[in-house]
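Novice: quick one: sequence plus predicted model below, questions after.
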Amino acid sequence: MKNWKPFFIENSRVPVILSKIAPINIWAISFGIWVWCRGELSEQTKRHETIHFQQQLELGFALQWAIYAFSYLYHLVKLRDPREAYYDISFEREAYGNEADKNYLENRKRYAWVKYIGREYDYKERIKRARRLGASRSS
Ligand SMILES: [Zn+2]
């Protein structure tokens, strides 16, 4: 199951449509066994979306979506900023924190996202997060 990957669908309109209701401009999105991308997927984005696919497998899909939505709303109430709330979801912290690591998926422990819940940001994660928030604000 560890080596399972989703089906990648490139040059899709799905992320474009979903971006109209999402707090960020979506480039690629993982839902169920599919990943839709509005262009071509880089290896890093494929890893990011495969991390989400693995999280969904661990929680039988529906439970991951429910926890994802609940965490988003929780952080939104706490931070009052849709983008910051999105980056604080533990599923996203795991995916953004490890998407650059080529060996991450082979070495990943089951339920790795759990350790990000309520954990303080370390120095490196704090810098990456600030950079993303800055970049998304100016675009
Ligand atoms: Zn993500």
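Specialist: Arrived safely, thanks for sending.
Novice: not counting sequence-adjacent ones, nearest residue to the residue nearest the centre of the chain?
Specialist: When Cα atoms, centre = their mean is applied to the chain, the residue found nearest the centroid is Glu92 (3.6 Å). Closest residue in space to Glu92, ignoring its immediate chain neighbours: Tyr86 at 6.3 Å, by Cβ to Cβ, 6 or more residues apart in numbering. Glycine gets a C-beta too; all of them are placed from N, C-alpha and C.
Novice: roughly how far apart are the residue nearest to the centre of the chain and Arg13?
Specialist: As judged by Cβ to Cβ, to the nearest Å, Glu92 and Arg13 stand 23 Å apart.
Novice: could I get stretch 27-36 in CSV with only the CA atoms?
Specialist: The C-alpha trace of stretch 27-36 is given here as CSV (Å, rounded to 0.1, in the frame of the first residue of the first chain):
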residue,chain,number,x,y,z
TRP,A,27,-2.5,24.1,-9.1
ALA,A,28,-3.1,20.4,-8.3
ILE,A,29,-5.6,18.6,-6.1
SER,A,30,-5.8,15.1,-4.7
PHE,A,31,-9.2,13.6,-4.2
GLY,A,32,-9.9,9.9,-3.9
ILE,A,33,-7.7,7.9,-6.3
TRP,A,34,-7.2,10.9,-8.7
VAL,A,35,-5.0,13.9,-8.8
TRP,A,36,-6.0,16.7,-11.1
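Novice: that one and the ion in contact?
Specialist: No. Applying Cβ under 5 Å from the ion, one finds stretch 27-36 separated from the ion by no less than 7.2 Å.
Novice: who's in contact with that stretch?
Specialist: Counting contacts by Cβ atoms under 8 Å, 6 or more residues apart in numbering, the residues outside stretch 27-36 that touch it are 6-9, 12, 14-15, 18, 37-39, 41, 45-46, 48-50, 52-53, 56, 61.
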